[in-house]
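[1] coordinates only, sequence not included:
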């Protein structure tokens, strides 16, 4: 019997796996990021597992890590999300398709149009992971000599959100009458010219595509800094949080949902999905052995490079066997730096140990059987640590298949997760309302 | 028996039809621009007809015409080309997929990545229609108060081409070794950092996706001005020209191929495909009746608006029954203005007559039976007026189906057009060489 609170599950595809050793795992597909047939199979398997969405993370540069580490990275290159997801829309029917698109470098008009196009093509299954880009190498790819400061990026992101959603509202849902007899294709009084002139952006509009099927594609965010939480509370409908444990998750959940209430938003209109690295075994021992094998495949060069990125500082000169030195505040993502420092302090790790954790996967992990993983998810859901999870598979295809074949049935048996999709659109499946058109209420 | 010179055929999809009356034609699909099932069927029909490519034109604004005309336009809104074409890649196997992407507003890094992604997804079938954007309403959608001048747009376009192709050459074709044993995913000495710093663009690179299947997606252009021809001679592999008749076509063909030879390029490495509006009937009378019916469905409001766009000047105040007054040089596309003025002068048209021609379709048209259309195409091919055509269908699905079912078999019977695709990639089918990597020859 279904519980009143239901889990929501996203699949975090970067595009496929995040663990640095995953591509070398026995039986894994080293080329999965670029293997369209496999990616289509993954999407179809996720749909068979009734996942809410295929969530495609992204970077706008080859990652800024030392070349000796970079050459070992299977995630430095990937398909553009807004080009891959239309293809995956053609081989799926219900799975949500969430594209990361940065507010830092690209024009809002084309971002709004591409996401609206994806929403129409997929019958209302598009989501927009609205990010700001902190990677200085990305700034150099877009004509900037240095990336904008953290607060500036978030101010621009907020304005960018207003512009993109305003463009999505360019047309009333019933604007296109296509009256063959009179020759009127659309009713001009049902078209709105945005005429936005803000501190960062000037965009006239209207958008040259009909209003999305969902009104707006689902707005997703991942920021966990003060600025990030406030932006999420104001604008996000799904948040991919990254708490390290249940207490952190509960604190984040209460904080962001509390901010929503202060802003007059219904807290049910946001689903908070922490990233969870999941390793499934038939026994707890087997799961631990899989993780140990994965970690053993992470080269130290990659490990220390990952730590450098997280800290926003070059860690290669640190004493590998000493404690983590004091790290000054930088322009890098605050959440990544704080987690690394906290992990080192809390667990008393040396630089080498910390680097190996960061180089594999350092965040929240669920390593066990379908039953123990379901136990953990149930606890998070029931104690308001989250509304579900954004799953990072240990490796592909094996780890993804194991999750769908073993964990999903266990969650369904407990009444925690759907057996059939509730609706046709991503919004309907997530239980999110369709936004009213601000110009044509 | 196949002739030595073979026709190349593109399908000009804007996304579907260009004639302003087409959506009202009896039996036509008024919603074809946004009907994914129909668009998939069109692409599959074109593939059955062995077309080289589905060519998707584009605009970056709702067209700048008076609202009374705009409301009658079925082409003011459309899917984003780089979002639709990945979807069509999934339902076709050999058809080329050409996306229009402007060099005027968007960053080259994302354009290069999206086209590379489409090329990988489609197994080497992507093309880039490199355009500069003259529409002042588009400039307003991208934060500019007025569009850049013609010559400035072309200078930027040339630099943009260098950057995009340089980014496509970021990786040697064999850079990604994915050696599971050693843990080396790619060889860093097979990666090139572009470090472009030019007058308009600063882009570091490398691109975060492997080199395209085709080396570079096929580079397509449509400019016919002096700047446009020179840019095409320097960079284009397919040119969608718009001559009004065979003599103009021959002159354009000789001019652009002559410029190529002066630059040391092999003239066979460019296919010149004039836009041809084709109306097929079982008799010449039936074809003429179809066109007459189509033209009768064009409203005068649309007609006068189209004339205004072509001239770059508001024509609504002109005397409809008088001759076209003197038109000053403007910042609008030169080719459009010159054609309108020439058509009026050559044929002695009133403003109203000219407007009705411009509002339907004013360019090169082939109106007749499969045999007479094939005669015309053969003459153009044999007398070097073109290497083929970019077909504008009178209406969809009817006009497209008629072309594939009637004209294509006639061209095949004459040995002028392929019965089977020559290769797997768009380059192979067009007979274009795969570009060497400038950094890893």
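    On my side now, so go ahead. This is a predicted model, so every value here is computed, not measured.

[2] do a quick rundown of the helices in the stretch 51-200 of chain A.
    For the stretch 51-200 of chain A, helices defined by DSSP state H, counting those that start in this stretch occupy the ranges A:67-70, A:81-89, A:108-121, A:136-141, A:150-168.

[3] and the angle from the last one to helix A:108-121?
    In this case it means helix A:150-168. Helix A:150-168 runs at 50 degrees relative to helix A:108-121, counting by axes from the mean of the first three to the mean of the last three C-alpha atoms, to 10 degrees.

[4] how about helix A:150-168, does it get close to chain B?
    No - contact of helix A:150-168 with chain B (C-beta under 8 Å from any C-beta of the partner chain) is absent, the minimum separation being 8.7 Å. For the C-beta atoms, the positions are set from N, CA and C on the backbone; glycine is no exception.

[5] distance from the chain centre to that helix, please.
    In terms of C-alpha atoms, centre = their mean, to the nearest Å, the centre of helix A:150-168 is found 18 Å from the chain centre.

[6] wait, which of the helices of the stretch 51-200 of chain A is closest to residue B:284?
    helix A:108-121 (40.1 Å; C-beta to C-beta).

[7] need the contact list for the residue in the stretch 251-400 of chain A that chain B sits nearest to.
    Using C-beta to the nearest C-beta, the closest approach of the stretch 251-400 of chain A to chain B is made by residue A:299 at 5.3 Å. By C-beta atoms under 8 Å, 6 or more residues apart in numbering or on different chains, the residues touching residue A:299 are A:20, A:69, A:72, A:359, B:183.

[8] lowest-confidence one in these?
    Sorting those by pLDDT puts residue A:69 at the bottom of the list (80).

[9] may I have the secondary structure class of residue A:29?
    On the three-state scheme (DSSP: H, G, I helix; E, B strand; the rest coil), residue A:29 is labelled coil.

[10] which residue ranges of the stretch 251-400 of chain A form helices?
    A:284-296, A:300-311, A:334-347, A:351-359, A:370-382, A:398-402.

[11] elements contacting the fourth one?
    With contacts defined as 3 or more C-beta pairs under 8 Å, 6 or more residues apart in numbering or on different chains; DSSP states H and E, the secondary structure elements packing on helix A:351-359 are helix A:300-311, helix A:334-347.

[12] what about residue A:319, neighbour count?
    11 (other C-beta atoms under 10 Å in any protein chain shown).

[13] not counting sequence-adjacent ones, nearest residue to it?
    residue A:351 (6.4 Å; C-beta to C-beta, 6 or more residues apart in numbering or on different chains).

[14] kindly report the same for residue A:364.
    Nearest non-adjacent residue to residue A:364 (C-beta to C-beta, 6+ apart): residue A:276, at 5.3 Å.

[15] what residues are bridge-paired with that neighbour?
    Beta-bridge partners for residue A:276, by DSSP bridges, are residue A:391.

[16] number of residues surrounding it?
    Neighbour tally, residue A:276, other C-beta under 10 Å: 25.

[17] verify the stated contact: residue A:288 with residue A:367.
    Yes - between residue A:288 and residue A:367 there is a contact under C-beta atoms under 8 Å: 6.0 Å.

[18] which residues do these two both contact?
    Shared contacts of residue A:288 and residue A:367, counting by C-beta under 8 Å, 6+ apart, come down to A:279, A:281.

[19] more neighbours: which of these two?
    residue A:367 (20 against 14).

[20] now do the contacts for that one.
    Per C-beta under 8 Å, 6+ apart, neighbours of residue A:367: A:278-279, A:281, A:284, A:287-288, A:290-291.

[21] got TSV for the helices and strands packed on helix A:351-359, with distance to residue A:158 too?
    Formatted as TSV, the helices and strands packed on helix A:351-359 follow (distance: least, C-beta to C-beta, whole Å):
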stretch	distance to residue A:158
helix A:300-311	26
helix A:334-347	17
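
[22] can you put those in a markdown table and add mean pLDDT?
    Formatted as a markdown table, the helices and strands packed on helix A:351-359 follow (pLDDT from 0 to 100):
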| stretch | mean pLDDT |
| --- | --- |
| helix A:300-311 | 83 |
| helix A:334-347 | 82 |
